[in-house]
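S.K.: After the sequence you'll find the predicted model.
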Amino acid sequence: CLATLIIMLVGDTYTLINYVSFINYLCYGVTIIGLIVLRWKKPKIFRPIKVNLLIPITYLAFWAFLLVFSLYSEPVVCGVGLIIILTGVPVFFLGVYWRNKPKCINRLIESVTCWGQKLCFVVYPQGGAAEED
């Protein structure tokens, strides 16, 4: 979010849309790759929707072509998009990967989470007795 705010202040909206569209297409392709890997490594798990593998493989072929073409035609936009994605790596390591955090960091993460939930009007369901009605 911070990187996006900085880009919005420095650049124009069209540039930000280009960065985000590259990121979106990259994430779509990685998701489809994950689908194929799970179908190959864990074929017996329950899937509510199961499609023929020809569909995701065909999608990946077109995806790879478009991704390589955009990397070739606009390398700066793609590079900035990758930098935007990589700004989330420290957040991942601080918030998820690092298990034995000091209590002050845990409190900070919880307060930022609570603030974000209030800002966006969302609440994560708490454990406990569920209401029947």
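M.R.: Nice, thanks for sending it over.

S.K.: how about low-confidence regions in the protein?
M.R.: 3-4, 6-8, 10-11, 124-133 (pLDDT under 70).

S.K.: Let's check: the centremost residue of it is which one?
M.R.: Compute the mean C-alpha point of the chain, and by Cα atoms, centre = their mean the closest residue is Cys27, 6.5 Å away.

S.K.: Counting residues, which helix of this structure comes out longest?
M.R.: Determined from DSSP state H, the single longest helix within the chain is helix 13-41.

S.K.: related to what we said a few turns ago, so who does the residue nearest to the centre of the chain touch?
M.R.: For Cys27, no contacting residues are found, by Cβ atoms under 8 Å, 6 or more residues apart in numbering. C-beta: built from backbone N, CA, C; applies to glycine.

S.K.: What about the residue nearest to Asn18 when sequence neighbours are not counted, how many residues nearby?
M.R.: Nearest residue to Asn18, sequence neighbours excluded (Cβ to Cβ, 6 or more residues apart in numbering): Val77, at 4.8 Å. Residues lying near Val77 (other Cβ atoms under 10 Å) number 16.

S.K.: And for Pro102?
M.R.: Quick note: Pro102 (other Cβ under 10 Å) scores 9 neighbours.
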